[in-house]
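Requesting a structural model of the entry that follows:
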Amino acid sequence: MLPTNQSIQENKYFSKLIYSKSYYSTSFSDNISFSLYEKFKNWIVGEFDLFFKEENHNSLNIYFPNGIITIEIKNNTKISIIVKNKNSKKCKNMMQKVLKLYLFSLPKTT
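Residues are numbered from 1 along each chain as shown. Next comes the predicted model:
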């Protein structure tokens, strides 16, 4: 199980919630290698194994009640994470959970 450290400052890591018609949305992007993307994708698939997933070479969609998580890698260098949900609090909580997995999957620096 992952540590439940709540020290992620949401304003620093992901955009503010945006309301668009019927859902809230927030996003995050960072520079990453394709091998780190694959490692992160494996962590995400394991964490959300009970939810329906669509996966292709450069993206992963995870569908959960009232929402979706989209993870893409562009040009094998830039990762984009978008969380959409009908509930603003659940949208923020889901993004925090995904970002914790992302930070956990990054190589440790000494």
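
give the contact list for Asn61.
Contacts for Asn61 (CB atoms under 8 Å, 6 or more residues apart in numbering) come out as 53-55, 68-71. Using the backbone N, CA and C atoms, a C-beta is placed for each residue, glycine as well.

Can you report how many residues lie near Thr58?
To be clear, residue 58 is Asn; Thr isn't right here. For Asn58, the count of nearby residues is 13 (other CB atoms under 10 Å).

For it, grab phi and psi.
phi -110, psi 10 (degrees, to the nearest 10).

What is the most widely separated pair among the contacts of Asn61?
Glu55 and Ile68 (13.4 Å; CB to CB).

what residue lies at the spatial centre of the chain?
The chain has Val98 as the residue nearest its centroid, 4.0 Å off, counting by CA atoms, centre = their mean.

if I look at it, how far off is Lys21?
23 Å (CB to CB, to the nearest Å).

follow-up on the earlier one: what strand or helix carries the residue nearest to the centre of the chain?
Of the helices and strands defined by DSSP states H and E, Val98 is found in helix 88-105.
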